[in-house]
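# Sequence first, then the predicted structure, then my questions.
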Amino acid sequence: MVVKGNHPSLAAVLPAFFEPPLGRPACQRQAQTLEKGHGRIEWRRLTTTTVGVSALAWPGVSQVFRLERRTELVRPGKVREAIVYGLTSVSPQRAGAGRLLRWTRGHWRIENRSHWVRDVTFDEDRSTVRGGSIPQVLAGLRNVVIGLLRRAGHANIARAGRYYAAHPAEALALLGLPLQN
């Protein structure tokens, strides 16, 4: 779990795990990647530690991590840098720094392909539906729609939504329902 602003007290203490005296390099494990493509160069380094995690008031935490990212956009020469912190219940024996780095990268793929689409294309964050289980039901329906459109071969969900809005009979066909005349 990447710790964000919704857990401010946890986010405030995690950097200390990687700074002296608690953060001792001998107790840390690291992995890094360098990827080139899509007009950018992305470098990532993930550092993990188990030292002091028992002091965290977070159930089941086994290790904490720091993920440093540096992205250079080749054309304009702009550089973006970010450091995020997180924690996991997975032991270092089951997932070392390299595996956690791959998992965090996989998480961003899910974030970009699902959550971002729900936030931007379906404008989910501005939904005024708040009561009972309706928000979860609508989120589930949005996920079904995204899955159906991806299964039908659409990479651009917004474009596919506009297409099917203009061709509702074809939208029903995605659900396996007969085309209406």
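All right, it came through fine.

# residue boundaries of the helices in this protein?
Using DSSP state H, the helices of the chain run over 8-13, 97-110, 116-120, 134-151, 157-166, 168-174.

# could these go into CSV alongside mean pLDDT, mean neighbour count and distance to Trp43?
Quick note: C-beta positions are derived from backbone N, CA and C, even for glycine. Formatted as CSV, the helices of the chain follow (pLDDT from 0 to 100; neighbours: other CB atoms under 10 Å; distance: least, CB to CB, whole Å):
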stretch, mean pLDDT, mean neighbour count, distance to Trp43
helix 8-13, 88, 13, 23
helix 97-110, 77, 15, 12
helix 116-120, 80, 16, 22
helix 134-151, 89, 14, 29
helix 157-166, 92, 15, 30
helix 168-174, 88, 14, 40
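
# Any idea which of these gets closest to Ser91?
Shortest distance between Ser91 and the helices of the chain, using CB to CB, is found for helix 97-110: 11.2 Å.

# ok, back up a step: would you reformat the helices of the chain as a markdown table and include distance to Leu34?
Output for the helices of the chain, formatted as a markdown table (distance: least, CB to CB, whole Å):
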| stretch | distance to Leu34 |
| --- | --- |
| helix 8-13 | 27 |
| helix 97-110 | 12 |
| helix 116-120 | 24 |
| helix 134-151 | 29 |
| helix 157-166 | 30 |
| helix 168-174 | 40 |
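
# Let me see the contact set for Cys36.
Just so we're on the same page, residue 36 is Lys rather than Cys. Lys36 makes contact with Glu42, according to CB atoms under 8 Å, 6 or more residues apart in numbering.

# what's near enough to touch the residue nearest to Gly98 when sequence neighbours are not counted?
Leaving aside its chain neighbours, Gly98 sits nearest to Ala31 (3.9 Å; criterion: CB to CB, 6 or more residues apart in numbering). Contacts for Ala31 (CB under 8 Å, 6+ apart) come out as Arg45, Leu46, Gly96, Ala97, Gly98, Leu100, Leu101.

# do Phe18 as well
Contacts for Phe18 were tallied using CB under 8 Å, 6+ apart; they are Gln28, Thr47, Thr49, Arg66.

# Which strand residues bridge the residue nearest to Gly98?
Counting by DSSP bridges, Ala31 is bridged to Leu46.

# re the thing from before, pick out the most distant pair among the contacts of Ala31.
Pairwise distances across the contacts of Ala31 peak at 13.7 Å for Arg45 and Gly96 (criterion: CB to CB).
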